[in-house]
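>>> Compute the structure for the input listed below.
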Amino acid sequence: MTRRLSLLTPSGRLTLGNLLGALRPMRAGQDSAECFYGISDLHALTTPRDAATLRTAITEQSTLLLAVGLDRSTLFRQSRVPAHTELSFLLECVATTGELGRMTQFKEKSRRHETVRCSLFTYPVLMAADILLYRPEQVPVGDDQRQHIELTRDIALRFNATYGEVFAIPEITVPPAGARVMDLAEPTRKMSKSGPDAGSIALLDPPDVVRRKVARAVTDSDTGPASVRADRDAKPGVTNLIEILTACGGSADGIATYGALKAAVTDAVVAELAPIQARYAELAADPAYVQEVFERGAEHCRAVTAPVLSAAREAVGL
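Sure thing, here's the model as predicted:
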């Protein structure tokens, strides 16, 4: 059976964009592949973060992964599988500073700050370890992560050429069609769990909050009879609302005003989130069960990754 891997960093609250663009396709893929879905909590430490805030984010995200229906996958926390950090150092020994310095996220964040953590520079190697440990045939990625997966392939090929065939070279795949949800306040950029709250709908936002955020969503000054239409370049805000509506099972057919469009989007989003929020409430009332699922998943991951780490250690002479 095909093996798939995907990790999400607890850098903020999971959003409608995460659900429609990633989590729903991940859920759908459980029936045709062996899926490992993790929380990359170590990646969250690449930027300053309060410990209590991080713990809260990890707990919420763990519960939400179950609430959205990823219960047929192996769920785990990255930090609970020591092979991730052990292999990361071995891979750092074949990666180069030139490669890491070209990573877009490092370049962008280092330009905005006087100093950045060393882990921000090296975390693409940890990401490579995350992937290579599980020998997945496919790594579904969006455009924003393609550079990291290409680096993973380069590192794996160089390691194999230097020390012998240890790693399977994963194929980059485009994930099943998921909506590209943009920020409600700034519709030219993606909705982000670490972005401004006003433009993002969190999966746990109550209906009144969803209604307020959608009501304030950016549209444009066009009020003609054909104003409600999809045009990514000329009408990014309206296009975003139409695509959200469609992804949540609705239709913009017959909608002639922005007010009616926003009302329809609100109803569709609230209906989409309602079962997730209900399941989340049930799981949050039983945190021991959530912890047990992730501990069981980490135990399975330790067994799966042990042979790969052992082969890498032996290959380099350790």
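>>> any idea of the pLDDT on the residue nearest to Leu133 when sequence neighbours are not counted?
In this structure, Leu133 finds its nearest non-sequential neighbour in Thr305, 4.2 Å apart by CB to CB, 6 or more residues apart in numbering. (C-beta placed from N, C-alpha, C; glycine too.) Predicted confidence (pLDDT) at Thr305: the value is 97.
>>> Burial check on Thr305, number of neighbours?
23 (other CB atoms under 10 Å).
>>> Which strand or helix spans it?
helix 287-316 (DSSP states H and E).
>>> Just list the residues touching the residue nearest to Leu133, thanks.
Val81, Ala83, His84, Leu87, Leu133, Tyr134 (CB atoms under 8 Å, 6 or more residues apart in numbering).
>>> Would you map the helices across the stretch 151-300 of the chain?
207-215, 236-247, 258-284, 287-316 (DSSP state H, counting those that start in this stretch).
>>> Out of these, flag the one nearest Ala22.
Closest to Ala22 of the helices of the stretch 151-300 of the chain, according to CB to CB: helix 236-247, at 12.3 Å.
>>> So what's the gap between that closest one and the chain middle?
Its chain's C-alpha centre and that of helix 236-247 lie 21 Å apart, by CA atoms, centre = their mean, to the nearest Å.
>>> Next, the angle helix 207-215 makes with it.
140 degrees (axes from the mean of the first three to the mean of the last three CA atoms, to 10 degrees).
>>> Return the angle between stretch directions for helix 236-247 and helix 258-284.
Using the same axes, to 10 degrees: helix 236-247 against helix 258-284 is 50 degrees.
>>> Determine the set of other helices and strands touching helix 236-247.
Here helix 236-247 touches helix 258-284, going by 3 or more CB pairs under 8 Å, 6 or more residues apart in numbering; DSSP states H and E.
>>> Now do the buried residues in the helix it packs on.
Of all the residues in helix 258-284, those buried under the rule 16 or more other CB atoms under 10 Å are 258, 261-262, 264-270, 272-273, 276-277, 279-280, 283.
>>> distance between the ends of stretch 238-254?
15 Å (CA to CA, to the nearest Å).
>>> What distance do you get for Val214 to Leu19?
15 Å (CB to CB, to the nearest Å).
>>> between those two, which one's more packed in?
Leu19 (25 against 22).
>>> Pull the number of nearby residues for the closest residue to that one other than its chain neighbours.
Excluding the flanking residues, the one nearest Leu19 by CB to CB, 6+ apart is Leu203, at 6.0 Å. By the measure other CB under 10 Å, the count of residues near Leu203 is 23.
>>> try the one 3 residues further on
Counted with other CB under 10 Å, residues neighbouring Pro206 total 11.
>>> which residues of the stretch 101-250 of the chain score low on pLDDT?
Applying pLDDT under 70 to the stretch 101-250 of the chain picks out residues 110, 113-114, 140-144, 174-179.
>>> distance between the ends of stretch 78-85?
Stretch 78-85: ends 9 Å apart by CA to CA.
>>> For it, buried residues please.
Neighbour-count burial for stretch 78-85 [16+ other CB under 10 Å]: Gln78, Ser79, Arg80, Val81, Ala83, His84.
>>> The second one touches Asp41, doesn't it?
The reference is to Ser79. Yes - under the criterion of CB atoms under 8 Å, Ser79 makes contact with Asp41 at 5.0 Å.
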